[in-house]
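Give me the fold of what follows.
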Amino acid sequence: MLIRTIETFLRRHDMPATKFGRLAAHDPRFVLDLRMGRLPRPATEARTRAWMKGYEARQAACAKDCPHAAGASEAKEVAHAD
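Model (predicted):
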């Protein structure tokens, strides 16, 4: 089931459900609706699974190529706090 895969993804990446919905499906309620029983179309499910794979591939590539990337995101948050 797609929702189980998404829930695992959300825990692994410490990502809020609404952020996932906006990024993966352009719908902040996407995950919430799935939790309530919504069944996505096959094409929507395929796009969502592809988005998750792409996100994880980008994260892995960044971790490999940019070991300081975590520090850079923290610096951005501090810069915006001013």
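
List phi and psi for Met36.
phi -90, psi 0 (degrees, to the nearest 10).

got a pLDDT number for the residue nearest the centre of the chain?
Nearest to the mean C-alpha position of the chain, by C-alpha atoms, centre = their mean, lies Phe20 at 4.2 Å. pLDDT for Phe20: 98.

now swap in Cys66 and tell me
In this model, Cys66 is scored at 74, pLDDT.

Using the three-state scheme, assign Met15.
coil (DSSP: H, G, I helix; E, B strand; the rest coil).

and it, what is it in contact with?
Counting by C-beta atoms under 8 Å, 6 or more residues apart in numbering, Met15 makes contact with Phe9. (C-beta placed from N, C-alpha, C; glycine too.)

quick check: longest helix of the protein.
helix 42-65 (DSSP state H).

mind listing what's buried in it?
Thr44, Thr48, Met52, Tyr55 (16 or more other C-beta atoms under 10 Å).

Can you show me the CA trace of it as CSV?
This file holds the C-alpha atoms of helix 42-65, laid out as CSV (Å, rounded to 0.1, in the frame of the first residue of the first chain):
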residue,chain,number,x,y,z
PRO,A,42,-2.5,4.4,-10.5
ALA,A,43,-0.8,7.2,-12.3
THR,A,44,-0.7,9.3,-9.1
GLU,A,45,0.7,6.4,-7.1
ALA,A,46,3.4,5.8,-9.7
ARG,A,47,4.4,9.6,-9.7
THR,A,48,4.5,9.6,-5.9
ARG,A,49,6.7,6.5,-5.8
ALA,A,50,9.0,8.0,-8.4
TRP,A,51,9.2,11.3,-6.5
MET,A,52,10.2,9.4,-3.3
LYS,A,53,12.9,7.5,-5.2
GLY,A,54,14.2,10.7,-6.7
TYR,A,55,14.2,12.5,-3.4
GLU,A,56,16.2,9.7,-1.8
ALA,A,57,18.6,9.6,-4.7
ARG,A,58,19.2,13.3,-4.4
GLN,A,59,19.7,13.0,-0.6
ALA,A,60,22.2,10.2,-1.1
ALA,A,61,24.1,12.1,-3.8
CYS,A,62,24.2,15.3,-1.7
ALA,A,63,25.4,13.4,1.4
LYS,A,64,28.2,11.8,-0.7
ASP,A,65,29.2,15.0,-2.6
